[in-house]
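[1] Kindly return the folded structure for what I paste below:
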Amino acid sequence: MTILPFFAAVVVLQFFSSLTVAEIKSLTISNDSRPIILLEKFGIIEIGHVTVSVSSVSVSSPSSSPVPDSSKLGFLVLSEESLPEVLLELQQNFSFCVLDSHYILHFFTFIDLSPPPRSQFNKSYLITSPSDYSLFFANCVPETRVSMKVRAEIYHNLDPNGSNSKDYLLAGSTQLPGLYLVFSLCYLSFLCFWFCFCWNNKQIAKRIHLLMTVLLLVKSLTLICAAVYKHYVKVTGTAHGWNIVFYIFQFISVVLLFTVIVLIGNGWSFLKLKRHGKEKKLLMIVVPLQVLANIASIVIGETGPYTQDWVIWNQIFLLADITCCFVIVFAMVWSMCCLRETSKTDGKAVKNLAKLPVFRKFYVLVIGYLFFTRIVVVVVKMKADFRYQWLSNASEEIATLAFYSLMFYMFRPMEKSEYFDVDNEEETAELSSRNKSLGSETI
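    Residues are numbered from 1 along each chain as shown. Sure thing, here's the model as predicted:
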């Protein structure tokens, strides 16, 4: 089995994965026979340090095979510019070992390991050329399985003469703490304004407005946790537990957002559980899909491309998220079609058709938001230079804030609203019919 298909697959994976935050990571590789393993992907602007420590190394091969050559197993750093040259070498010679390439930054091989039973090694490498780099482990001995514990520490040296000058958020990510802090302040200001507006119009505010207020609060807390999380990673290399808090609020925020979109998009302004069975069924589809997508997102964020199931979890995340978006869009289109059809038969053509312009605007808004955050942001992340990877995060947050602002403006509490006035009349008519039926039963 040659290394070329595996190396090509890893190269393709790099285009779909963002730069790692380069925090201090401890990895465990167990009984792995892959010829090439991508451990970290990172960018260096000026001076960077890469430290790799391995311990508890174990190499096993079939009894019929010779003793594995230790020089054919080791770690390497490869720059983005050298990648095509290495691929060309592999194409010209399928049995070529990437550790023998002249285009790699040779780290160390298993020859440098201390004798058993400890079998450990520690080495640092200074990188001075600005580029996008990848840290690999290569196994050029077929049918050989490797088990080991790896500790990778990658950071920028901001001040060569300073003692506390390490920046673990490398090129393209070091701006994230400030970025998330700015947007958290924007959402907190938005929350205060929305709360005051709803309080001043509490006589006409609906339950959906309360749910929208909770959504703003959770979104603000999510961004605050993201800012603190990235700050600790930037300064110390570890999250100090803030990653867990961030994932919790992120999960609640995403589920709340899709719930609000479903409820508004299907005309469920009062949360009337008995009237609208279709919305309950829709939520039973959307919410589990978002739970699955968030679980996959956590696995992707907390592990890395070195795990064998990492690609599968990426596929699960994409599939669940895209399916959820498709279900929401389909349900909104279906609601508009049903509204248009019922307006011709129930004698309320004018009243029902009054909803269509609002639903059409909201439908276009949701489609635009989903398209931008699921496609445009990914394209920006793939095409942007490694120094400007933070632009994809900024564009996503700007689009989300704009979507929130337009959605909240369209469905704010108002005396005269095309959306809520029709629902109020329908609610009044239903209550009147119920009272009449109860009165007839009593007689």
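[2] Report the secondary structure state of residue 413.
    Following DSSP: H, G, I helix; E, B strand; the rest coil, we place residue 413 in the coil state.
[3] Can you report the mean pLDDT over the residues of stretch 334-344?
    Confidence for stretch 334-344, expressed as mean pLDDT, is 66.
[4] And for stretch 224-236?
    For stretch 224-236, the per-residue pLDDT averages 93.
[5] Outside of it itself, list whatever touches it.
    21, 23, 167-169, 173-174, 176-178, 180-181, 184, 238-240, 242-243, 245-246, 249-250 (Cβ atoms under 8 Å, 6 or more residues apart in numbering). In short, each C-beta sits where N, CA and C put it, glycine included.
[6] Now that we have those, which of them are buried?
    Using 16 or more other Cβ atoms under 10 Å as the burial test, the contacts of stretch 224-236 include 21, 23, 167-169, 173-174, 176-177, 180-181, 184, 239, 242-243, 245-246, 249-250 as buried.
[7] Those in strands, which ones?
    residue 167 (DSSP state E).
[8] Among the buried ones among the contacts of stretch 224-236, name the ones in helices.
    Judged by DSSP state H, helices contain the following of these: 176-177, 180-181, 184, 242-243, 245-246, 249-250.
[9] Which one of those residues is nearest to residue 306?
    Of all these, residue 306 sits closest to residue 243, with 18.0 Å by Cβ to Cβ.
[10] Quick check: chain neighbours aside, which residue is closest to the closest one?
    residue 229 (5.4 Å; Cβ to Cβ, 6 or more residues apart in numbering).
[11] Could I get the buried residue list for the helix or strand where that neighbour lies?
    Assessed by DSSP states H and E, residue 229 sits inside helix 207-236. Neighbour-count burial for helix 207-236, counted by 16+ other Cβ under 10 Å, picks out 208-209, 212-213, 215-234.
[12] Tell me if residue 67 really is in a helix.
    No. Residue 67 sits outside any helix when classified using three-state DSSP, being coil.
[13] so which helix or strand takes in the residue lying closest to residue 381 once chain neighbours are set aside?
    In this structure, residue 381 finds its nearest non-sequential neighbour in residue 392, 3.9 Å apart by Cβ to Cβ, 6+ apart. Assessed by DSSP H and E, residue 392 sits inside helix 390-410.
[14] CA atoms only: put that helix into PDB for me.
    C-alpha atoms of helix 390-410 as PDB (Å, rounded to 0.1, in the frame of the first residue of the first chain):
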ATOM      1  CA  TRP A 390     -10.200  35.600  11.100                       C
ATOM      2  CA  LEU A 391     -12.100  37.400   8.300                       C
ATOM      3  CA  SER A 392     -14.300  34.300   7.900                       C
ATOM      4  CA  ASN A 393     -15.300  34.500  11.600                       C
ATOM      5  CA  ALA A 394     -15.900  38.300  11.300                       C
ATOM      6  CA  SER A 395     -18.000  37.900   8.200                       C
ATOM      7  CA  GLU A 396     -20.100  35.200   9.900                       C
ATOM      8  CA  GLU A 397     -20.700  37.300  12.900                       C
ATOM      9  CA  ILE A 398     -21.600  40.400  10.800                       C
ATOM     10  CA  ALA A 399     -24.000  38.300   8.800                       C
ATOM     11  CA  THR A 400     -25.600  36.900  11.900                       C
ATOM     12  CA  LEU A 401     -25.900  40.300  13.600                       C
ATOM     13  CA  ALA A 402     -27.500  41.700  10.400                       C
ATOM     14  CA  PHE A 403     -29.900  38.700  10.300                       C
ATOM     15  CA  TYR A 404     -30.900  39.200  13.900                       C
ATOM     16  CA  SER A 405     -31.400  42.900  13.400                       C
ATOM     17  CA  LEU A 406     -33.700  42.500  10.400                       C
ATOM     18  CA  MET A 407     -35.700  39.600  11.900                       C
ATOM     19  CA  PHE A 408     -36.300  41.400  15.100                       C
ATOM     20  CA  TYR A 409     -37.200  44.600  13.300                       C
ATOM     21  CA  MET A 410     -39.700  42.700  11.000                       C
END
